[in-house]
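J.: Okay, sequence plus prediction incoming.
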Amino acid sequence: GDGRELELRFMPYSDHELLVVARDVTQLRKLERMRKDFVANVSHELKTPLTVMSGYLELIEEPATVAPAVMRKAVVDMSKQTRRMQNMVDQLLLLSRMEAQIQDTYTKPVHLGAMLRQILDELRPLVEDKKLYLDAHIDDSVAVLGSEEKLRAACSNLITNAIKYTPVEGQITVRWGKIGPMAEFSVADTGAGIAPEHLPRLTERFYRVDKDRSSDTGGTGLGLSIVKHALEHHRAILQVDSRKGQGSRFWFRIPPELLVESVATKVS
Ligand code: ADP
């Protein structure tokens, strides 16, 4: 009827009566299906790089018969696949750690401004490598009550994506600051952009718009699912405006009850 799944149990009640207990297992079954899909996806995603690697290993088992150029390609490809698997395992561990932390409290102020400067510093080599123009407008007057690890994961994944999906000499703009009673983080890029039909699925685990190109960049399709998860914890929703070929802007707003005034932590 309405798509609900009920599990019925019959128990003796008296000599001539049965007690029927109906349990609504819709949610339970849904979770079971999601878990099975997830395991199938992880297995599939790990299988691809492993197949590539074992193919190469078989080839170079007799090194004398392998041309140097082929050997070089084999090694380069194998390290690329190894890096991908490492990324994937790191991200899966982060996801499961975050899922286990649902009881996190909201008492510790996280100084997002300082955190963003640190993230941008760490990413500077990538930015310079691609000759990107990086513009940052960061307001230090507001802090977020929440999880440092999750906020870092959210912001650093979004900024890393902007860098990854923007061609050389593009522009990236990072903003953090108050908007009325809320606070908004955003990162805009002049990169590849995303066609509208992909937007609703971006935060699905392992979802990638361009599977081939993205495995080239070591992409796993897990980044935005981590962002979504990290933001949910702060009652925020990941939003995106994007135009194919023109660029994207990913942003989220932290609600007023999770904001506190930030006492200056900067030593200038
Ligand atoms: P990945 O590891 O592939 O980057 P994500 O979950 O972080 O996985 O992102 C999912 C997909 O969304 C990416 O494969 C990419 O196609 C698209 N995407 C994410 N961020 C951007 C961006 N800033 N510009 C263009 N495409 C993006």
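T.: Sure thing, it's come through.
J.: all contacts plus neighbour counts: C-alpha atoms, from now on.
T.: Will do.
J.: where do the strands sit along the stretch 101-250 of the chain?
T.: In the stretch 101-250 of the chain, the segments counted as strands under DSSP state E, counting those that start in this stretch are 109-110, 133-138, 142-145, 171-179, 182-189, 239-243, 247-254.
J.: so which of those strands gets nearest the ligand?
T.: The ligand sits nearest to strand 247-254 of all these, at 5.5 Å, using C-alpha to the nearest ligand atom.
J.: ok, and what's touching that closest one?
T.: Applying C-alpha atoms under 8 Å, 6 or more residues apart in numbering, the set of residues contacting strand 247-254 from outside is 144, 158, 162, 166, 182-194, 234-242.
J.: filter those residues to the buried ones?
T.: Buried residues within the contacts of strand 247-254, counting neighbours by 16 or more other C-alpha atoms under 10 Å: 144, 158, 162, 166, 182-194, 234, 236-238, 240, 242.
J.: Per-residue pLDDT of the nearest residue to Leu238 once chain neighbours are set aside, please?
T.: Nearest residue to Leu238 in three dimensions, chain neighbours excluded: Phe252, at 5.1 Å (C-alpha to C-alpha, 6 or more residues apart in numbering). In this model, Phe252 is scored at 98, pLDDT.
J.: Kindly report the same for Asp140.
T.: pLDDT at Asp140 comes out at 94.
J.: Isn't it up against Ser262?
T.: Yes: shown here, Asp140 and Ser262 form a contact pair, counting by C-alpha atoms under 8 Å, at 6.8 Å.
J.: who touches both of the two?
T.: His111.
J.: For the stretch 101-250 of the chain, give me the ranges with low pLDDT.
T.: For the stretch 101-250 of the chain, residues meeting the criterion pLDDT under 70 lie at 102-104, 212-218.
J.: Kindly report the residues of it close to the ligand.
T.: Residues of the stretch 101-250 of the chain found near the ligand (C-alpha under 6 Å from any ligand atom) are 161-162, 165, 191-194, 202, 207-210, 214, 219-225, 248.
J.: filter those residues to the buried ones?
T.: Looks like those have 161-162, 165, 191-194, 202, 207-209, 219-225, 248 buried, using 16+ other C-alpha under 10 Å.
J.: Narrow the residues you listed to those in helices?
T.: Asn161, Ala162, Gly223, Leu224, Ser225 (DSSP state H).
J.: Go ahead and flag the most central residue of the protein.
T.: The centroid of the chain falls nearest to Gly223 when counting by C-alpha atoms, centre = their mean (2.1 Å).
J.: Please give me every residue in contact with the closest residue to it other than its chain neighbours.
T.: Spatially, and ignoring its direct neighbours in sequence, Gly223 is nearest to Asn157 (6.0 Å; C-alpha to C-alpha, 6+ apart). By C-alpha under 8 Å, 6+ apart, the contact set of Asn157 is Gly223, Leu224, Val227.
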